[in-house]
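Asker: Requesting a structural model of the entry that follows:
(one chain, ligands or ions: 1)
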Amino acid sequence: STIVVLNGPNLNLLGTREPGIYGAKTLADIERDLRARAGTRAELVFRQSNIEGELVSFVQEAGLAGAGVIINAGAYTHTSIALADAIKASKAVAIEVHLSNVHARESFRHHSYLSPVCRGVIAGFGDRSYHLALEALLEG
Ligand code: DQA
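Answerer: As a prediction, the model looks like this:
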């Protein structure tokens with residue numbers, strides 16, 4: 001099976017971006033660890049963009065390919081109806097992930113446009129949020 005791992009705005013800065021909140025690992029570290037964990041169980045495709053419309057296109061492509069989706073949409077989580085519509089239209093099974101526990105933070109991070117169209121949400125486990133999402137997708 002193919003799983004597309006989508007990362008949104010500012011996640012390219014992981015490692016130096018507020019490490020107290022987001023951890024010391026870079027996005028490349030997270031990719032390497034997730035690939036090692038997946039092994040031969042899934043083909044992983046990683047995409048990152050700071051541009052909302054590009055993320056919409058990545059979701060559409062994942063849907064057409066019949067891939068599962070792990071998505072950390074960053075701040076677009078809290079703003080993007082377009083991304084929610086894309087997930088819904090794609091019919092892809094998507095899991096929303098966050099490094100931080102968004103519910104323990106500012107109230108503007110408590111609402112997600114994506115949660116209602118995702119299979120489930122994993123937040124607050126740092127880079128392990130991605131690992132848990134991978135296991136959840138593989139278990140179906
Ligand atoms: C985040 C949480 C969002 O609120 C924030 O805008 C991010 C990262 C997380 O992984 O914890 O960019 O999605």
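
Asker: right, and residue 82 touches residue 52 too?
Answerer: Yes. Shown here, residue 82 and residue 52 form a contact pair, counting by CB atoms under 8 Å, at 6.2 Å. C-beta here means a position set from N, CA and C on the backbone, and glycine is covered the same way.

Asker: Compare neighbour counts for these two and give me the winner.
Answerer: Using other CB atoms under 10 Å, the more surrounded residue of residue 82 and residue 52 is residue 52, with 17 against 14.

Asker: looking at it, the more buried one is touching residue 83, isn't it?
Answerer: Yes. Taking CB under 8 Å as the definition, residue 52 is a contact partner of residue 83 at 6.8 Å.

Asker: Need the overlap of contacts for the two.
Answerer: residue 76 (CB atoms under 8 Å, 6 or more residues apart in numbering).

Asker: For residue 50, which non-adjacent residue is spatially closest?
Answerer: residue 9 (4.5 Å; CB to CB, 6 or more residues apart in numbering).

Asker: which ones are touching the one you found?
Answerer: 49-52, 74-76.

Asker: Determine the three-state secondary structure at it.
Answerer: State at residue 9, reduced to three classes by DSSP: H, G, I helix; E, B strand; the rest coil: coil.

Asker: quick one: it and residue 73, what's the gap?
Answerer: As judged by CB to CB, to the nearest Å, residue 9 and residue 73 stand 8 Å apart.

Asker: Which residue ranges of this structure form helices?
Answerer: Assigned by DSSP state H, the chain shows helices spanning 19-22, 27-38, 52-64, 81-90, 128-139.

Asker: now the angle from the last one to helix 27-38?
Answerer: When you say that, I think you mean helix 128-139. Here helix 128-139 points in a direction 30 degrees away from that of helix 27-38 (axes from the mean of the first three to the mean of the last three CA atoms, to 10 degrees).

Asker: Go ahead and flag the most central residue of the chain.
Answerer: Central residue of the chain (CA atoms, centre = their mean): residue 71, 2.0 Å from the mean position.

Asker: What's the per-residue pLDDT of that one here?
Answerer: Residue 71 carries a pLDDT score of 98 in this model.
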